[in-house]
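Peer 1: Give me the fold of what follows.
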Amino acid sequence: MGGSSGSSPCASCKLLRRRCSKDCVFAPYFPPHDPHKFAIVHKVFGASNLCKMLQELPVNQRGDAVSSLVYEANARVRDPVYGCVGTISYLQNQVSQLQLQLAAAQAEVLSMQMHQKPHLVEQDSDMSSLWAGDNLNSISHYIAVASNLSATVIQDPLKRESFST
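Peer 2: Okay, the predicted model is just below:
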């Protein structure tokens with residue numbers, strides 16, 4: 001932490017070229033060894049806005065707020081228009097596509113099971129309802145789900161190759 005005790009000023013005070021006081025609001029969250037963390041938040045939100053946001057929060061919530069602001073600032077630098085929303089949209093689209101693939105695979109598995117084991121209907125009376133009616137309903141259900149998902153999965157213009165950079 002910064003202060004007049006001779007320790008290094010926090011990253012924010014160092015970047016802003018000011019003296020780091022004992023009660024510096026930034027010092028607990030922007031240590032001197034990580035100057036990039038404050039620089040990116042400062043670039044996107046500004047030091048004054050950041051200070052106001054932190055002062056309005058209870059001390060026990062400030063660390064989480066700083067983490068969120070750092071994440072959003074990094075996302076804004078990567079994608080100035082959409083920021084985090086671009087990442088969320090991409091991930092939602094990916095989930096929809098995977099749900100579609102899963103429903104299609106489940107329908108295919110059920111269809112294959114019906115074609116490979118039709119004799120179970122005759123051999124096992126307990127299983128007869130599964131193979132006779134319920135399985136057909138399941139296949140119909142998975143096909144319907146796959147159809148609905150394919151209609152709702154839109155190739156999102158926000159889709160990115162990778163968000164892990």
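Peer 1: okay, CA-based contacts and neighbour counts for the rest of this
Peer 2: OK.
Peer 1: buried stuff in stretch 24-33?
Peer 2: Cys24, Val25, Phe26, Ala27, Tyr29, Phe30, Pro31, Pro32 (16 or more other CA atoms under 10 Å).
Peer 1: Can I get that stretch as PDB, trimmed to CA atoms?
Peer 2: This file holds the C-alpha atoms of stretch 24-33, laid out as PDB (Å, rounded to 0.1, in the frame of the first residue of the first chain):
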ATOM      1  CA  CYS A  24      -5.600   6.500  -1.100                       C
ATOM      2  CA  VAL A  25      -8.800   4.800  -2.400                       C
ATOM      3  CA  PHE A  26      -6.800   3.000  -5.200                       C
ATOM      4  CA  ALA A  27      -3.900   1.600  -3.200                       C
ATOM      5  CA  PRO A  28      -5.500  -1.600  -1.900                       C
ATOM      6  CA  TYR A  29      -6.700  -2.600  -5.400                       C
ATOM      7  CA  PHE A  30      -3.900  -1.300  -7.700                       C
ATOM      8  CA  PRO A  31      -0.500  -2.400  -6.200                       C
ATOM      9  CA  PRO A  32       2.700  -0.900  -7.600                       C
ATOM     10  CA  HIS A  33       3.800  -4.200  -9.100                       C
END
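Peer 1: right, and the pair among the buried residues of stretch 24-33 with maximum separation?
Peer 2: Largest separation among the buried residues of stretch 24-33 by CA to CA: Val25 and Pro32, giving 13.8 Å.
Peer 1: list the helices and strands the helix or strand hosting Gln92 packs on?
Peer 2: Counting by DSSP states H and E, the element that carries Gln92 is helix 84-116. Contact here means 3 or more CA pairs under 8 Å, 6 or more residues apart in numbering; DSSP states H and E; on that basis helix 84-116 packs against helix 59-78, helix 135-152.
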